[in-house]
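Enquirer: below are the sequence and a predicted model for it; my questions follow.
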Amino acid sequence: MHSRIQIGFLAVRTLLLFAPFLTFAQTRPQPFPPLDSLNLASMGRIGVQLFGTAQGLEMRLKEQTPDLEKAQGLALNQLALAKADSTIPKNQIDSLTKVAKFAKNAYKKGFDLTAKAEKLTQFTLALADMDSLNLRKNLPKAWKQVNQIYDELYPPIPTEKPANETIAEKESKPKKEKKKKESPPTENPNSDSEPSADQPVTNTPIANKPITSLKRFAAYNPATDVMLRPPTPPCKIASSSRDEFSGEISRQLAAAEFFRYTNPALKTYLQGKTHVICEAALSSSGPNIALQLTFIINDPNARKAFGRLEKNSVATLKFLDGSTFELQNALADEGTFNPENDGSIFQGHYPLNAEALKKIRRNGLDRIRILWSKGYDDYEVQQVDLLMRQAECLLK
């Protein structure tokens, strides 16, 4: 789950930072001219230009809204996953809370600004049907509103004076002469002699020290940030054996949580319990490698709702690069009912050929579709790099 949270965190930051620049910026409205010197045709042309700018801003905001909405949903989802994981430290949850709040505010601001832009487009469109008197009255209002929305969407970059000009200005100003403070009399009249042990040493003011003597701080390096690049968990081998006749080695890695999912319609019924938890583990027997999936379903009617995992049923893997790969279940499983918690456990065994293994080693997993006998379900994978890490552990 840590990896999913980290990738989700980066994804949210990327969407929020770059969403306003996905398309070209509109042209900033020209300074408003004095209307007393303009005739009706000239004022009409200004109205048409304002309408074009307002319409462009509205289109830009509507293009940006899905990205902001996606960022908000992703941030809230990552926060929920982190809160559900007892191993996530509090400082990371606090950071994700701030990101979720920022994403929520950004989406609300974009939504409100889009509504304003829609009204402004209608207002500027109505300028075309106004007479000279109404144009002189409403053009300044339209121009002001267009500029306000433009500045919200494309904030002006403040200009700063170059450092050399600032220094030159300071040097050109007359300096006030400061009165020299009389130094207290010292016991040693010889100023050239070294200070004694009892005489305090006067330190040089920091302003007079060379730049190289000031303390410097190392620049931030994302490559060393453990929040962005968490350490790889150690390999955990659940079992390892050697066949006495063939000499083949069989190994199975310890199962780890792959994803969890709760049907929104069952949240009230389950009272905080997770509906489906899937654990994954890679195993090998000689040259043959397989993906073991264990489904823990907290539902007394699991068999009725899901059915069973049939032999040759398909599991479709969708990777982060958008590609997909299909695996076939080698062993049918009717599920095992657990009377203690009214849940059921299903086991899936999906062999991997060389092409599938190569794909898993190089790409993180985004989603997975499991075909049950009663239909299929799509699940979002939280541990996107789990199979990548397990493949490295199994094959090293």
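Expert: Noted; the coordinates are in hand.
Enquirer: surely L120 and L61 touch.
Expert: No: L120 sits out of contact with L61 when judged by Cβ atoms under 8 Å, with a separation of 10.7 Å. All C-beta spots, glycine's among them, are computed from the backbone N, C-alpha and C.
Enquirer: ok, L387 - how many residues close by?
Expert: 26 (other Cβ atoms under 10 Å).
Enquirer: cool, L386 as well?
Expert: L386: 26 neighbours (other Cβ under 10 Å).
Enquirer: how does the chain divide up, domain by domain?
Expert: When the chain is parsed with automatic domain parsing, its domains come out as 2-153, 238-395.
Enquirer: comparing the ones you listed by mean pLDDT, which bottoms out?
Expert: Ranked by mean pLDDT, those bottom out at domain 2-153, which scores a mean of 77.
Enquirer: how far away from the center of its chain is that one?
Expert: 20 Å (Cα atoms, centre = their mean, to the nearest Å).
Enquirer: do stretch 355-365 as well
Expert: Taking Cα atoms, centre = their mean, the mean C-alpha location of stretch 355-365 is offset from the chain mean by 23 Å.
Enquirer: give the buried residues for that stretch.
Expert: Burial within stretch 355-365, assessed by neighbour count using 16 or more other Cβ atoms under 10 Å, is assigned to A356, L357, K359, I360, N363, G364, L365.
Enquirer: do the same with stretch 339-355
Expert: Result for stretch 339-355 [16+ other Cβ under 10 Å]: buried residues G343, S344, I345, F346, G348, H349, Y350, L352.
Enquirer: surely the fifth one is in a helix?
Expert: No: with DSSP: H, G, I helix; E, B strand; the rest coil as the criterion, G348 is strand rather than part of a helix.
Enquirer: contacts only, for the closest residue to it other than its chain neighbours.
Expert: Nearest non-adjacent residue to G348, counting by Cβ to Cβ, 6 or more residues apart in numbering: L293, 4.1 Å away. Residues near L293 by Cβ atoms under 8 Å, 6 or more residues apart in numbering: F258, C278, E279, A280, A315, Q347, G348, Y350, I370.
Enquirer: of those, closest to M388?
Expert: Using Cβ to Cβ, A280 comes nearest to M388 of these, at 11.5 Å.
Enquirer: in a markdown table, list the buried residues of stretch 339-355 along with distance to G47.
Expert: Shown next, in a markdown table, are the buried residues of stretch 339-355 (distance: Cβ to Cβ, whole Å):
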| residue | distance to G47 |
| --- | --- |
| G343 | 67 |
| S344 | 68 |
| I345 | 69 |
| F346 | 67 |
| G348 | 65 |
| H349 | 70 |
| Y350 | 65 |
| L352 | 65 |
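Enquirer: the closest residue to C235 other than its chain neighbours: how many residues sit nearby?
Expert: In this structure, C235 finds its nearest non-sequential neighbour in C393, 3.5 Å apart by Cβ to Cβ, 6+ apart. Counted by other Cβ under 10 Å, the residues lying close to C393 total 18.
Enquirer: need the contact partners of the helix or strand hosting C393.
Expert: In the assignment (DSSP states H and E), C393 maps to helix 386-395. Residues from elsewhere that reach helix 386-395 (Cβ under 8 Å, 6+ apart): 3, 232-233, 235-237, 251, 253, 256, 258, 280-284, 289, 291, 357, 360-365.
Enquirer: check the offset of it from the chain's centre.
Expert: Centroid separation for helix 386-395 versus its chain: 25 Å, with Cα atoms, centre = their mean.
Enquirer: using PDB, write out the CA atom coordinates for it.
Expert: Output of helix 386-395 as PDB, limited to C-alpha atoms (Å, rounded to 0.1, in the frame of the first residue of the first chain):
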ATOM      1  CA  LEU A 386       4.300  -5.600  -5.500                       C
ATOM      2  CA  LEU A 387       4.700  -8.100  -8.300                       C
ATOM      3  CA  MET A 388       7.700  -6.200  -9.600                       C
ATOM      4  CA  ARG A 389       9.500  -6.600  -6.300                       C
ATOM      5  CA  GLN A 390       8.400 -10.200  -5.800                       C
ATOM      6  CA  ALA A 391       9.700 -11.100  -9.300                       C
ATOM      7  CA  GLU A 392      13.100  -9.700  -8.500                       C
ATOM      8  CA  CYS A 393      13.100 -11.600  -5.200                       C
ATOM      9  CA  LEU A 394      12.200 -14.900  -6.900                       C
ATOM     10  CA  LEU A 395      14.600 -14.600  -9.800                       C
END
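Enquirer: buried stuff in it?
Expert: Residues of helix 386-395 classed as buried: L386, L387, M388, R389, Q390, A391, C393, L394 (neighbour count, 16+ other Cβ under 10 Å).
Enquirer: now stretch 128-139
Expert: By 16+ other Cβ under 10 Å, the buried positions in stretch 128-139 come out as M130, L135, N138, L139.
Enquirer: go on, stretch 294-304?
Expert: Within stretch 294-304, the residues scored as buried using 16+ other Cβ under 10 Å are T294, F295, I296, I297, N298, D299, A302, R303.
Enquirer: show me what the fourth one is bridged to.
Expert: The partner list for I297 in beta bridges (DSSP bridges) reads V276, S344.
Enquirer: now F32: closest residue in space that isn't a chain neighbour?
Expert: Excluding the flanking residues, the one nearest F32 by Cβ to Cβ, 6+ apart is W143, at 4.9 Å.
Enquirer: please, which helix or strand holds the one you found?
Expert: Per DSSP H and E: W143 is located in helix 132-153.
Enquirer: what's in contact with that helix?
Expert: 20, 26, 28-29, 32, 35, 40, 43-44, 46-47, 50, 53-54, 57, 60-61, 113, 116-117, 120, 123-124, 127, 130.
Enquirer: repeat the analysis, applying 7 Å as the threshold.
Expert: Under the contact criterion Cβ atoms under 7 Å, 6 or more residues apart in numbering, helix 132-153 has outside partners 20, 26, 28-29, 32, 35, 40, 43, 46-47, 50, 53-54, 57, 60-61, 113, 116-117, 120, 123-124, 127, 130.
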